[in-house]
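In: Next one to model:
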Amino acid sequence: MSDIPRRAYLPGNTPEELAIRSCVHAVEALGAHPLLTDVVVKLGQARDTLADWVDAGRPGGIRK
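Out: A predicted model of the protein is given here:
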């Protein structure tokens, strides 16, 4: 087994995690502004929270 956490290995990401990453890239392409930085930080927090949920076995969710 690899020492790389699933969430840090893009092929191991869920489609939903990858969608958040795409959103981050789209926002970063808009330019530089403190409000855009806030958006990127919050998207990163959302991605991490989603990864926590996936790593916990998707409790309360639909099994895939």
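In: Which strand or helix spans residue 27?
Out: Per DSSP states H and E: residue 27 is located in helix 15-28.
In: ok, then the element right after that helix?
Out: Counting by DSSP H and E, what follows helix 15-28 is helix 34-55.
In: which helices and strands does that following helix pack with?
Out: Where contact means 3 or more Cβ pairs under 8 Å, 6 or more residues apart in numbering; DSSP states H and E, helix 34-55 is packed against helix 15-28. In this view, the C-beta of every residue, glycine as well, is placed from N, C-alpha and C.
In: Tell me which residues of the helix it packs on come out buried.
Out: For helix 15-28, the neighbour count (16 or more other Cβ atoms under 10 Å) marks 17, 20, 24, 27 as buried.
In: that older thread, who does the helix holding residue 27 touch, helix- and strand-wise?
Out: helix 34-55.
In: Could you check how far the helix it packs on is from the centre of its chain?
Out: Chain-centre distance of helix 34-55: 6 Å, with Cα atoms, centre = their mean, to the nearest Å.
In: Residue 25 versus the residue positioned nearest the centre of the chain, what's the distance?
Out: When Cα atoms, centre = their mean is applied to the chain, the residue found nearest the centroid is residue 47 (2.7 Å). To residue 25, residue 47 is 12 Å away according to Cβ to Cβ, to the nearest Å.
In: Could you give the number of residues near the nearest residue to residue 9 once chain neighbours are set aside?
Out: Once flanking residues are discounted, residue 9 sits nearest to residue 2: 7.2 Å by Cβ to Cβ, 6 or more residues apart in numbering. The local packing of residue 2 (other Cβ atoms under 10 Å) involves 8 other residues.
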